[in-house]
Structure formats: structure tokens, C-alpha cells
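[1] Pasting the sequence and the predicted model now:
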Amino acid sequence: MSALASSTGRARISARTLRTDRWWLPPLMTFLGLMAFVVYGLVRTFMNQWYWVPEHNYLAPFFSPCLSAACVPGSSHFGQPFPDLGWLIPPPIFVLPFVLGFRLTCYYYRKAYYRAFWASPPACAVGEPHGRYTGETRFPLIMQNVHRYFFYAAMLVAAVLTYDTVIAFKGTDGGVGVGLGTLLMVVNVVLLWSYTLSCHSCRHLIGGRLNHFSKHPVRYWLWTKITWLNGKHMLLAWCSLASVALVDLYVMLVAAGTITDPRLFN
């Protein structure tokens, strides 16, 4: 095998790869996992029903916050500033672009879907089918640079979902109540906050633009904690993605009357 490397092009080898392991399995599993979420999300968004359980104050994450006049009574905790625009623009459309923008521009997810969907490259030390490499210097990939701003939007959404979880502790008699759905919502917001705060942008926001950590002990302490979370960013990305879908599915099934919510106490 011969390799040719230059400052104007990529290294070229005659074989696509010299790897003998099942290098194709991780990108395949990533593709299937992300596609499953995309399909569920599209179906759920345009289903536009079974997202609010008034007796337990459960609001499905895909519909939070519900800001449209099309929202069912009781589900709009922050008002309805947008009109009912019909089935083509259901309530989640007003919020999902910001949530998806944060995930799509996330450093880990970029690696994941670049490999799984674009084969750019499909795996380490594996040749890709593209003739040239332009990086993230042209539209639409240059939009990846706005990730830090999507981070701020994701913080707001996480705060809203935290509020949804708090009011889900209201019991049917006006006191405190806890059901299986409440516990699932707590796990979901913990994972969402962990994923959001483990973001590289958050790590830079906490510890960036400093010449001496010794002069900023509080920020250094926070930076070490965010750095620890950042090391688990991939795991948190998948766990939080799964928890959002699981809680949304659970609320849908309860709202539709398919299952009942087991109550620990009302």
C-alpha cells in the first residue's frame, strides 16, 4: 500500500480501509436510532392530539411549551401568542426548530450524522465516497457556527420542561401527588439539563477567555464539573433523546386512555 499526502488534498490509499473489524456497525446503529426518533417525532408532531393529561398536569415534551391557540385547554402554561394555523403548522412547530437546532449543531451529533447519513467519513481509517472536503465553510454547514446561540434557546426549553415537571407534582385533591409519569418527567429533566450543560459551548462559556484559572476559583470549579459532564456528552445525548421520546410516548398513552398512570400518592 502506498499513501500520498499533500497540503492540497487528502491521503489516498488503494483500499477503502485496512480495518478488519465490524467498523460499519456503529454508524448503522446510529442511523437506525436517529431515524427512529425522526420518524416518531414527525408522526407525533402532526398527530397533534393526546399530549395533555389534565388530572395529573402531564404535558408531553414535544408540545411544551404549547403556545398556539390550537392547544387544548389547560396545556398552555405561558399563554397562546400564536394563532391556530391549522394541521400544517401544529403547536410543536413553534418550539421544535430551536430544540432540533441545538441537537443538529451539537458537536457529538454532527459527528454522528456525518458518519451515519453522509459517510463523511463512515468511520476512522475508512475511505469516504466524497470527491473533496470543504468542511463547514459553506452553506448550509456554515450554520453549525450558531450552535452557541441554540444553546441559549435549549436552556430556556429545559427551564420550561422543569416547570412542567414541578406542576406535575400537583395531586388530584390539590395537594402533592406523585405518579409514574411524574418520576419519568423528573428523570427526563435531569438528563436534559445534564446533556445541555455538558455542551462544549457551555464549557467554553464557563471557563473560556481566562488566562489564569487561579484568579477565578469559582469559575474554575464550575469548569471542572462541566468538563466532567462533557466527557459523558455522547452518553447524555442518547439518554436524553431516549427519555424525551419515552416521556412523550407515556403521556400520549395516558392521555389517550390506553394506560392508566400508577399513583404512588395523590
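    Arrived safely. Numbering: from 1, shown residues only.

[2] what about the helices in the stretch 101-250 of the chain?
    Applying DSSP state H, counting those that start in this stretch to the stretch 101-250 of the chain gives helices spanning 107-118, 147-167, 180-197, 200-207, 217-230, 233-255.

[3] pLDDT weak spots in the stretch 1-150 of the chain?
    1-13 (pLDDT under 70).

[4] which residue sits closest to residue 169, ignoring its sequence neighbours?
    Excluding the flanking residues, the one nearest residue 169 by Cβ to Cβ, 6 or more residues apart in numbering is residue 176, at 5.6 Å. C-beta coordinates here come from the backbone N, C-alpha and C atoms, glycine included.

[5] so that neighbour bridges to which residues?
    residue 170 (DSSP bridges).

[6] Next one, pLDDT for it please.
    With respect to pLDDT, residue 176 scores 91.

[7] How much space separates it from residue 57?
    12 Å (Cβ to Cβ, to the nearest Å).

[8] Need the overlap of contacts for the two.
    residue 170 (Cβ atoms under 8 Å, 6 or more residues apart in numbering).

[9] on that earlier part again, so the residue nearest to residue 169 is in contact with residue 166, correct?
    No: using Cβ atoms under 8 Å, residue 176 makes no contact with residue 166, being 10.9 Å away.

[10] quick revisit: what's around the residue nearest to residue 169, how many residues?
    Residues near residue 176, counting by other Cβ atoms under 10 Å, number 11.

[11] try residue 133
    Neighbour count for residue 133, taken as other Cβ under 10 Å: 10.

[12] and what of the one 4 residues further on?
    Residue 137 is flanked by 8 other residues according to other Cβ under 10 Å.

[13] re earlier: who's in contact with the residue nearest to residue 169?
    Contact analysis of residue 176 by Cβ under 8 Å, 6+ apart lists 169-170, 265.

[14] want to try TSV for the helices of the stretch 101-250 of the chain, with mean neighbour count and distance to residue 33 as columns?
    Formatted as TSV, these follow (neighbours: other Cβ atoms under 10 Å; distance: least, Cβ to Cβ, whole Å):
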stretch	mean neighbour count	distance to residue 33
helix 107-118	17	9
helix 147-167	18	20
helix 180-197	20	15
helix 200-207	18	21
helix 217-230	14	21
helix 233-255	20	7
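
[15] quick one, which of the ones you listed is nearest to residue 48?
    Set against residue 48 and scored by Cβ to Cβ, these come closest in helix 233-255, at 11.2 Å.

[16] Looking at the closest one now, give me its mean pLDDT.
    For helix 233-255, the per-residue pLDDT averages 97.

[17] Dump the C-alpha coordinates for it into CSV.
    What follows is helix 233-255, C-alpha atoms only, in CSV (Å, rounded to 0.1, in the frame of the first residue of the first chain):
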residue,chain,number,x,y,z
HIS,A,233,-21.6,14.1,26.4
MET,A,234,-22.3,11.3,23.9
LEU,A,235,-24.0,9.1,26.6
LEU,A,236,-26.1,12.0,27.8
ALA,A,237,-27.0,12.9,24.2
TRP,A,238,-28.5,9.5,23.6
CYS,A,239,-30.0,9.1,27.1
SER,A,240,-31.8,12.5,26.9
LEU,A,241,-33.0,11.8,23.4
ALA,A,242,-34.5,8.5,24.5
SER,A,243,-36.0,10.0,27.7
VAL,A,244,-37.8,12.7,25.7
ALA,A,245,-39.3,10.2,23.4
LEU,A,246,-40.2,7.9,26.3
VAL,A,247,-41.9,10.6,28.4
ASP,A,248,-43.7,11.9,25.3
LEU,A,249,-45.0,8.4,24.5
TYR,A,250,-46.0,7.7,28.1
VAL,A,251,-48.1,11.0,28.3
MET,A,252,-49.6,10.2,24.9
LEU,A,253,-50.7,6.7,26.1
VAL,A,254,-52.2,8.1,29.3
ALA,A,255,-54.0,10.9,27.5
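
[18] Assess the claim that residue 94 and residue 69 are in contact.
    No: taking contacts as Cβ under 8 Å, residue 94 lies outside contact range of residue 69: 11.3 Å.
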